[in-house]
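Engineer: the following comprises the amino acid sequence and a computationally predicted model.
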Amino acid sequence: MNFTDILQACKRDYVPFEGDARPGRRPLSLADFIDRAAKDGRWPVIAEIKPASPTAGRLRRIDDIEPLARSFKENGACGISVLTEPRFFGGSVESLEKARCGLPVLRKDFLFHPAQIKESYALGADSLLLISSFFSTDSLAGMIAGSRSYGMEPLVEVHSEGDIERAESAGASLYAVNNRDKDTLEVDLGRTARLAPLIDGTVVSASGIETAGQLAEALSYCDAALIGGALMRAPDPGEALRSLVYGRP
Ligand SMILES: O=C(O)c1ccccc1NCC(=O)[C@H](O)[C@H](O)COP(=O)(O)O
């Protein structure tokens, strides 16, 4: 089950959003919260809520998202990433609203359709993930512009130099280097070291970061890190986050 398989399944399951966008909400800026954390002397970490994953299976039973999100905020997170894909990640779109706690909430999903931008805004997201390789340059530019029309700066995920070129041409400013291979799903933290220096913008290193040493290494190339599995597997996810955010090796 690789990225392409998951995307195809998401396309098959997709029901177009026809709800109301509930205009008037001003999304929070992930880049601003990343800067703020760095200025406060915290390691900027986006804490991810991920009940399950294709590589790990069931990670954590989460009966109540709200206290988990609050504990991530209290323990120094600069943002909350919420997996909303149900079949492979055990997520739900309702979790976005529940995760709102004064930090920017990222909708982490395999998004592909322009209507999903309005949907993400309506559901309470402050940002949304766009995986560069899923789009042509023109369609990615359209998705980025569409997100900005709702005040959301999308996090554009790259896996290769080609993905970076497409994202730059499409006008991205907030990037995630995903250390997980799209085909094999293997993690290579060296990808952050190779790709982050090629990017002009705010850069987040995502996937496979488990220890304070790995976080420090990632942050020597990037502005922030996105961590899911290591927090979901911990007996106390807030405490695990705290030791990463404040416990510099
Ligand atoms: O997490 C997976 O197993 C996975 C498999 C296939 C496609 C995507 C996958 N994860 C999505 C993510 O990008 C991660 O949840 C995120 O970067 C956090 O990674 P981690 O800290 O390794 O849980």
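Structural biologist: Yep, that arrived.

Engineer: which element, helix or strand, includes the closest residue to Leu7 other than its chain neighbours?
Structural biologist: The shortest distance from Leu7 to any non-neighbouring residue, by C-beta to C-beta, 6 or more residues apart in numbering, is to Phe110 (5.0 Å). For glycine as for every other residue, the C-beta is placed from the backbone atoms N, C-alpha and C. Using DSSP states H and E, Phe110 maps to neither a helix nor a strand.

Engineer: my read: Phe110 touches Cys10, true?
Structural biologist: Yes - in terms of C-beta atoms under 8 Å, Phe110 counts as a neighbour of Cys10; the distance is 4.5 Å.

Engineer: between those two, what contacts are shared?
Structural biologist: Common contact partners of Phe110 and Cys10 (C-beta atoms under 8 Å, 6 or more residues apart in numbering): Glu85.

Engineer: following element in sequence after the helix ranked longest in the chain, please.
Structural biologist: Longest helix of the chain, by residue count under DSSP state H: helix 137-149. Downstream of helix 137-149, the next assigned helix or strand under DSSP H and E is strand 155-158.

Engineer: how about the residues of this protein near the ligand?
Structural biologist: 3, 6, 48, 50, 53-56, 178, 180, 185, 206-209, 226-230 (C-beta under 6 Å from any ligand atom).

Engineer: try 8 Å this time
Structural biologist: Selection of the chain residues close to the ligand by C-beta under 8 Å from any ligand atom yields 1-3, 6, 48, 50, 53-56, 59, 81, 83, 88-89, 108, 129, 157, 176, 178-180, 182, 185, 187, 206-210, 226-232.

Engineer: of those, which belong to helices?
Structural biologist: Among those, DSSP H puts Phe3, Ile6, Phe88, Phe89, Gly229, Ala230, Leu231, Met232 in helices.

Engineer: may I ask which of those has the most neighbours?
Structural biologist: Sorting those by how many neighbours each has (other C-beta atoms under 10 Å) puts Leu231 first, at 26 neighbours.

Engineer: quick one: the strands in the chain?
Structural biologist: 45-49, 52-53, 57-58, 79-83, 105-108, 127-131, 155-158, 174-178, 202-206, 224-227 (DSSP state E).

Engineer: pick the most deeply packed of those strands.
Structural biologist: strand 105-108 (a mean of 30; mean count of other C-beta atoms under 10 Å).

Engineer: packing partners of that strand?
Structural biologist: strand 79-83, strand 127-131 (3 or more C-beta pairs under 8 Å, 6 or more residues apart in numbering; DSSP states H and E).

Engineer: could you rerun that using 10 Å?
Structural biologist: When contacts are defined as 3 or more C-beta pairs under 10 Å, 6 or more residues apart in numbering; DSSP states H and E, strand 105-108 sits against strand 45-49, strand 79-83, helix 94-98, helix 115-122, strand 127-131, strand 155-158, strand 174-178.

Engineer: Gly102 and the ligand, how far apart?
Structural biologist: Between Gly102 and the ligand the computed distance is 22 Å (C-beta to the nearest ligand atom, to the nearest Å).

Engineer: excluding its backbone neighbours, what's nearest that residue?
Structural biologist: Gly102 sits nearest to Lys73 (C-beta to C-beta, 6+ apart), 6.1 Å away.
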